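Peer 1: please find the sequence and the predicted model below.
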Amino acid sequence: MGIEVVTTSWSEPAHAVPWAGVGEHDIAIVHWEQGVMDAFPRALDSCGRAVLTLHGAPQAMTRWFAPPTPAIARRTLERAVAEPHAVALVRGEAHRRKVAASYAVPPEGLRILPVSVPLATLPFRAAATEPSEVLAMTRLAAEKAAIVRVAVELVHERLKSDQPCRLTIAGDGRWRTEAIALCERRLPRDAWRIEGAPPDPIARLAAADLVVAQGTTALEAAALGCRVVVARSLGTHGASGAVLTPDGYDQAARDPFGDPRVTEDAAQLWDELLGLDETDLSALRGLVESHNSPEVASQALGEALATTGA
């Protein structure tokens with residue numbers, strides 16, 4: 001058993017795609033993403049078994065992409081759910097519920113493949129009691145703007161209280177100009193910087209005490225012992241956040257599409273952040289191990305693949 005990587009572009013003519021090679025494998029795994037998901041029907045026909053993996057928000061296909069992408073997304077998902085030798089994988093219970101509601105497919109037709117982080121490479125170190133840096137490590141894009149917005153407001157609030165604090169944005173992307181404008185509008189010039197995408201993201205997280213993040217990055221930061229604020233968009237230009245706590249883990253981090261209790265009040269976020277102690281941070285590490293380790297994900301994947309038949 002093994003994994004073969006074949007570099008190709010699904011936008012190439014059909015004769016240029018190595019379908020014969022695809023058919024030699026036991027199962028095909030296709031990502032539910034623009035362009036790539038076009039390959040799902042042919043991959044299923046070639047292999048006889050196929051997996052469709054969904055990792056994005058269900059509304060993203062209609063929000064960010066023009067026709068015919070939304071129709072292709074719907075058609076591909078419906079086939080993955082209906083075919084006896086195929087399976088569609090989502091990231092958690094909330095993700096399953098939202099995908100099912102958005103595309104009118106039965107939730108029982110969607111299996112959960114939890115987000116996983118490699119704990120063996122993430123040494124735990126409880127963060128400092130009084131963080132002086134807020135790290136926003138993210139791709140700079142409109143759909144990720146909430147991360148930067150929440151981080152800016154945390155620093156703004158801390159400076160109002162005459163406490164030392166600075167913002168570091170670690171990332172690149174098309175939203176860089178907007179991120180700079182926001183920082184210039186809300187923060188003193190010496191209180192923020194953009195350092196670009198780090199060559200070693202895990203090492204950069206490990207050096208931080210307080211991280212604003214979403215998705216896998218939030219889990220990685222928690223596993224490392226950082227205090228974490230999970231950012232959520234609020235309307236078109238707003239943002240809110242939830243402090244990651246052991247009690248709120250399921251909604252805020254275990255499922256990246258959960259609905260945690262969020263607030264726009266940066267002072268409240270700081271109160272909750274500073275209320276976390278080493279016991280809480282250690283408990284969060286344990287929750288990542290229990291629910292989002294590679295071993296847990298591997299078991300869930302094996303169970304899902306078994307439903308596609310031999």
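Peer 2: Received the coordinates, thanks. Residues are numbered from 1 along each chain as shown.

Peer 1: give the contact list for P294.
Peer 2: P294 makes contacts with 116-119, as judged by CB atoms under 8 Å, 6 or more residues apart in numbering. C-betas here are computed from N, CA, C, even on glycine.

Peer 1: possible to save those as a markdown table with pLDDT, secondary structure and distance to H156?
Peer 2: What follows is the contacts of P294, written out as a markdown table (pLDDT from 0 to 100; DSSP: H, G, I helix; E, B strand; the rest coil; distance: CB to CB, whole Å):
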| residue | pLDDT | secondary structure | distance to H156 |
| --- | --- | --- | --- |
| S116 | 94 | coil | 35 |
| V117 | 95 | coil | 30 |
| P118 | 94 | coil | 35 |
| L119 | 94 | helix | 34 |
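
Peer 1: which one of these sits closest to A142?
Peer 2: Closest to A142 out of the contacts of P294 is V117 (25.9 Å), distances taken as CB to CB.

Peer 1: quick one: that closest one from T308, how far?
Peer 2: Distance, V117 to T308, by CB to CB, to the nearest Å: 26 Å.

Peer 1: same check on V105?
Peer 2: 17 Å.

Peer 1: likewise for L122?
Peer 2: 32 Å.

Peer 1: before we move on, what about F65?
Peer 2: 28 Å.

Peer 1: same deal with G35?
Peer 2: Taken as CB to CB, the span from G35 to T308 is 24 Å.

Peer 1: pull the residues that contact the longest strand along the chain.
Peer 2: Taking DSSP state E as the criterion, the chain has its longest strand at strand 227-234. Strand 227-234 has contacts (CB under 8 Å, 6+ apart) with 127, 131, 143, 145-147, 149-151, 154, 209-214, 218, 221-222, 239-244, 252-253, 260, 262, 264, 269, 273, 276, 281, 284.

Peer 1: run me through the strand neighbours of that strand, direction for each.
Peer 2: With DSSP bridges as the test, strand 227-234 is paired with strand 210-213 (parallel), strand 238-243 (antiparallel).
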